[in-house]
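Chemist: starting from these lines, generate the structure:
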Amino acid sequence: MTTTVDATAMSGKLEAEVELHCSPAKFYDMFRNTAHHVPDRTPTHIKAVHVHEGDWDCHDTVKFWIYTCEGKLEVFKERVEYDDAKKTVKLNGLEGDVMKLYKVYNVIYEFVAKEDDNGEGKPQGVAKLTIEYEKLKPDVPPPTKYMNFVTLHVKEADASLVKAA
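Modeler: Residues are numbered from 1 along each chain as shown. Down below sits the predicted model:
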């Protein structure tokens, strides 16, 4: 994980990459077309997801997530954006536990395939993870614990998608 700003800055970006052993296209499809199955794929981290406004597969749908971060049950309401060409999902934070700390909180998942044929059991691509944030107060830490959560969530989903294949 890399941080592009210092901890005292009011806004910044955290970035990480996770190797994917399942197809990046399959991973993107899980978020894009079957988000209601994410809790089945990552039961350790995601407890439930509900559509609050719109439809499951629509751009600008508002979803309500219930998840566990560092052993604490939390909620997150977001508006989703999809970029099918880049296989990117952007969750724009609206309400929830993280919004008590951050004025802006966006999570971006980009699923990128490897260009070479790696063979069975080797990584097929990467998930590029980004959290953009703006703190409400100077003493709020960067959302490192949430980047750890997102990273673990992606790893668990990857393992589940590989096992289901």
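
Chemist: quick one: Gly71 from Thr44, how far?
Modeler: 11 Å (C-beta to C-beta, to the nearest Å). Placement of C-beta: from N, CA and C, glycine included.

Chemist: tell me which of those two has more neighbours.
Modeler: Thr44 (10 against 5; other C-beta atoms under 10 Å).

Chemist: any idea how far that one is from Ala127?
Modeler: Per C-beta to C-beta, Thr44 is found 17 Å from Ala127.

Chemist: equivalent analysis for Gly54, please.
Modeler: Going from Gly54 to Ala127 by C-beta to C-beta gives 24 Å.

Chemist: go through the lengthiest helix in the chain and flag the buried ones.
Modeler: Longest among the helix segments of the chain by residue count, using DSSP state H, is helix 144-164. Neighbour-count burial for helix 144-164 flags 146-147, 149-151, 153-158, 160-161 (criterion: 16 or more other C-beta atoms under 10 Å).

Chemist: contact partners for the residue lying closest to Arg79 once chain neighbours are set aside?
Modeler: Of all residues not flanking Arg79 in the chain, Asn92 sits nearest, at 4.7 Å (C-beta to C-beta, 6 or more residues apart in numbering). Going by C-beta atoms under 8 Å, 6 or more residues apart in numbering, Asn92 touches Glu78, Arg79, Val80, Glu81, Asn106.

Chemist: my read is that the first one contacts Leu91, right?
Modeler: Yes - with contact taken as C-beta atoms under 8 Å, Glu78 and Leu91 are classed as touching, separated by 4.1 Å.

Chemist: and the two? which has more neighbours close in?
Modeler: More neighbours surround Glu78 than the other of Glu78 and Leu91, with 24 against 21 (other C-beta under 10 Å).

Chemist: for the host helix or strand of the more buried one, packing partners?
Modeler: If you go by DSSP states H and E, Glu78 is part of strand 72-83. For strand 72-83, the elements it packs on are strand 62-69, strand 88-96, judged by 3 or more C-beta pairs under 8 Å, 6 or more residues apart in numbering; DSSP states H and E.

Chemist: please convert these to JSON lines, extending it with distance to Lys135 and mean pLDDT.
Modeler: Formatted as JSON lines, these follow (distance: least, C-beta to C-beta, whole Å; pLDDT from 0 to 100):
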{"stretch": "strand 62-69", "distance to Lys135": "17", "mean pLDDT": "95"}
{"stretch": "strand 88-96", "distance to Lys135": "13", "mean pLDDT": "96"}
